[in-house]
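>>> I need the structure of the sequence given here:
(chains A and B)
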2 protein chains.
Amino acid sequence: MRCLSCREEYEYEEANAGTCKECYEEASETEEELKREIDDLKSKLKFLTTRSPVDPHNPNNSSSSLFTDVLLVASDEDDCGDGAPSVPAHKAVLVSRSPVFRAMLKNEMEESRSGTIRISDVSYEVLCSFVHYLYTAEVTLDEQMACELLALAEKYQVKHLKAYCEKFMKSKVDVENALITFAFASQHNAEHLLEASLLVVTDNMDKLTKQDVYKELIDKDPRLIVGIYEAYLAKKDNTASSCSLPQNPS
Amino acid sequence: MRCLSCREEYEYEEANAGTCKECYEEASETEEELKREIDDLKSKLKFLTTRSPVDPHNPNNSSSSLFTDVLLVASDEDDCGDGAPSVPAHKAVLVSRSPVFRAMLKNEMEESRSGTIRISDVSYEVLCSFVHYLYTAEVTLDEQMACELLALAEKYQVKHLKAYCEKFMKSKVDVENALITFAFASQHNAEHLLEASLLVVTDNMDKLTKQDVYKELIDKDPRLIVGIYEAYLAKKDNTASSCSLPQNPS
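Take a look at the predicted model:
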């Protein structure tokens, strides 16, 4: 039997048969169609992307931001913001990406009148990446950046960015960081990350209860630890009952 | 032999074999990956689409256009534009979609100072669809709308819209409209449409030279007709030489 796809391997045994000719041809057509759809979407995306007013790889480079009508200012909690570095942006873009900006700018609030929005507890670098994402849906993440952007995305309800950071952080969960990640996810309502880190935590209870962060959490947020024990017990019960089922069929 | 794809047809003959199992599984994985990529792109697209300031299906509906800073006015040639219907828009969006708007608004030209851009020879309905496309890359076309938008897209160098209209018009080329489409494509530098309509024209020379539009074109733009005859002869020569090749191998 000859495979129409990998022609170099001329013959295969009946046991290794995949599809009939018709299905193979249909699958090839489907693949071509999907690729065309991807090209169309990419071209649409390129067309609809409004030029970002900031270059996150070179934040100090004064980029050519045309017709901006609002300033975002990175300010520390104690800082009144004078002289703090700012990023220009377009109100129309901000309100279309974030319901929080929308409420802020649409109603006659302080931010709308002054044309300045203070973003507290954030570095200038993170603010640049945040604004750049609002224009391009693109960002280069590392662990630190993902944490800070997830917190910002939650605060300003930018769901697309939050999901992106959560996905990245989920891929980085391990025994070492599971507990701290679980606490972080709980603080910022990151459900998917919470679930993923809780799984690692409950799989490694013996190790994790010896970590310093465990002791710190007991002091800081004991309810979180209670939640972990509840999940641990529920999991143990589940495993026990699913293990016992084949042995004791009713 | 059993097809892994259309399981209901359990058996097929060796002659109808498509792929081996490995290739089938690989192809299924590829399809899943492509579908995931499409979902990601669609979600990105949704996130990055700025709300259109106009509803093309209901142009008279005053939509909630926030923070617009420029007016586009549909004006006839003789009309000075006073009282003509206008569409609000954002300069930042216009300059990012069209190099012509960019030059107009970036430099201190009349349009930039007045905050009003006159779009001549266009109906209010077409202008609405044009602006809506600049925000969403979406439009419902019929033949008339495709013609008018293609002309606008060429004038303001909105390549994405021009390509979309050309594709639509290409699909509508037939013997009846080939000649007039060819003239239209030539007028608006629509290369793909020009090629497609020329093909139909040169395939139907005997019919088309009898049409009224042929006689009109001889008066209005004789060079266009010369181009058609040149293409016709070149095609005839090509066909003749490719036909004669198998008969007279050297």
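
>>> neighbours around the residue lying closest to residue A:163 once chain neighbours are set aside, how many?
Among residues not flanking residue A:163 along the chain, residue A:192 sits closest, at 7.9 Å (C-beta to C-beta, 6 or more residues apart in numbering or on different chains). Where you see a C-beta, it was placed from the backbone N, CA and C, and this is true even at glycine. Residues lying near residue A:192 (other C-beta atoms under 10 Å in any protein chain shown) number 14.

>>> can you check residue A:109 too?
For residue A:109, using other C-beta under 10 Å, the count is 12.

>>> Which residue, other than its chain neighbours, is closest to it?
residue A:103 (7.9 Å).

>>> Just say helix, strand or coil for the one you found.
helix (DSSP: H, G, I helix; E, B strand; the rest coil).

>>> I'd like the average pLDDT over the longest helix along chain A.
Using DSSP state H, we find that the single longest helix of chain A is helix A:21-48. Across helix A:21-48, the average pLDDT comes to 94.

>>> Buried ones in that helix, by neighbour count?
A:21, A:23, A:24, A:27, A:34, A:37, A:38, A:41, A:44, A:45, A:47, A:48 (16 or more other C-beta atoms under 10 Å in any protein chain shown).

>>> With distance to chain B as extra columns, can I get the residues you listed in a markdown table?
Below are these laid out as a markdown table (distance: C-beta to the nearest C-beta, whole Å):
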| residue | distance to chain B |
| --- | --- |
| A:21 | 4 |
| A:23 | 4 |
| A:24 | 3 |
| A:27 | 5 |
| A:34 | 4 |
| A:37 | 6 |
| A:38 | 6 |
| A:41 | 4 |
| A:44 | 5 |
| A:45 | 6 |
| A:47 | 4 |
| A:48 | 6 |
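
>>> Could I get the full set of strands for chain A?
Remark: strands assigned in chain A by DSSP state E are A:17-20, A:70-75, A:86-89, A:116-120.

>>> out of those, which comes closest to chain B?
Closest of the strands of chain A to chain B is strand A:17-20, at 3.0 Å (criterion: C-beta to the nearest C-beta).

>>> Now do residue A:3, the pLDDT please.
pLDDT, read off for residue A:3, is 79.

>>> For the helix or strand bottoming out on mean pLDDT in chain A, enumerate the helices and strands it packs against.
Ranking every helix and strand in chain A by mean pLDDT, DSSP states H and E puts helix A:110-114 at the bottom, with a mean of 79. Applying 3 or more C-beta pairs under 8 Å, 6 or more residues apart in numbering or on different chains; DSSP states H and E, one finds that helix A:110-114 contacts helix A:99-106.

>>> How far does the longest helix of chain A sit from its chain's centre?
27 Å (C-alpha atoms, centre = their mean, to the nearest Å).

>>> Over to stretch A:143-152?
On C-alpha atoms, centre = their mean, the centre of stretch A:143-152 falls 9 Å from the chain's centre.

>>> Which positions in that stretch come out as buried?
A:145, A:146, A:147, A:148, A:149, A:150, A:151, A:152.

>>> re earlier: just the C-alphas of the least confident helix or strand of chain A, formatted as PDB.
What follows is helix A:110-114, C-alpha atoms only, in PDB (Å, rounded to 0.1, in the frame of the first residue of the first chain):
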ATOM      1  CA  GLU A 110     -10.800  64.000  36.900                       C
ATOM      2  CA  GLU A 111      -8.900  62.000  34.300                       C
ATOM      3  CA  SER A 112     -11.200  63.200  31.500                       C
ATOM      4  CA  ARG A 113     -10.900  66.900  32.500                       C
ATOM      5  CA  SER A 114      -7.100  66.900  33.000                       C
END
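
>>> That helix: which residues count as buried?
For helix A:110-114, a neighbour-count test (16+ other C-beta under 10 Å) marks A:111, A:112 as buried.

>>> which residues of chain A fall in helices?
With DSSP H, the ranges of helices along chain A come out as A:21-48, A:91-97, A:99-106, A:110-114, A:124-136, A:143-155, A:159-170, A:178-187, A:191-203, A:205-208, A:212-220, A:222-247.

>>> Packed most tightly, which of those helices would that be?
Sort the helices of chain A by mean neighbour count, taking mean count of other C-beta atoms under 10 Å in any protein chain shown, and helix A:91-97 sits at the top with a mean of 24.

>>> How is chain A divided into domains?
As assigned by automatic domain parsing, chain A contains the domains A:14-48, A:51-171, A:173-244.

>>> distance between the ends of the longest one?
Think domain A:51-171. Using C-alpha to C-alpha, to the nearest Å, one end of domain A:51-171 lies 30 Å from the other.

>>> so residue A:135 makes contact with residue A:50?
Yes: judged on C-beta atoms under 8 Å, residue A:135 makes contact with residue A:50 at a distance of 5.6 Å.

>>> Between those two, which contacts overlap?
Counting by C-beta atoms under 8 Å, 6 or more residues apart in numbering or on different chains, the common neighbours of residue A:135 and residue A:50 are A:93, B:48.

>>> Excluding residues flanking it in the chain, which one is nearest residue A:129?
Closest to residue A:129 by C-beta to C-beta, 6+ apart is residue A:56, at 4.6 Å.

>>> Residue A:126 is in contact with the one you found, correct?
No: with contact defined as C-beta under 8 Å, residue A:56 and residue A:126 do not form a contacting pair (9.4 Å).

>>> mind listing what the residue nearest to residue A:50 when sequence neighbours are not counted touches?
Distances taken as C-beta to C-beta, 6+ apart put residue B:96 closest to residue A:50, at 4.7 Å, once the chain neighbours are dropped. Residues in contact with residue B:96 (C-beta under 8 Å, 6+ apart) are A:49, A:50, A:51, B:102.

>>> Counting neighbours, which of those residues end up buried?
Counted by 16+ other C-beta under 10 Å, those give A:49, A:50, B:102 as buried.

>>> Out of those residues, flag the one nearest to residue B:17.
Set against residue B:17, the nearest of these by C-beta to C-beta is residue A:49 (46.0 Å).

>>> so what's the backbone phi/psi at that closest one?
Main-chain torsions, residue A:49, degrees, to the nearest 10: phi -80, psi 120.

>>> Also the one 5 residues further on?
When read as degrees, to the nearest 10, the backbone of residue A:54 gives phi -140, psi 150.

>>> Make sure residue A:189 is actually in contact with residue A:155.
No: here residue A:189 lies out of contact with residue A:155, judged by C-beta under 8 Å, at a distance of 10.4 Å.

>>> related to what we said a few turns ago, any idea how far the residue nearest to residue A:109 lies from chain B?
12 Å (C-beta to the nearest C-beta, to the nearest Å).

>>> ok, now residue A:51?
Counting by C-beta to the nearest C-beta - residue A:51 and chain B are separated by 5 Å.
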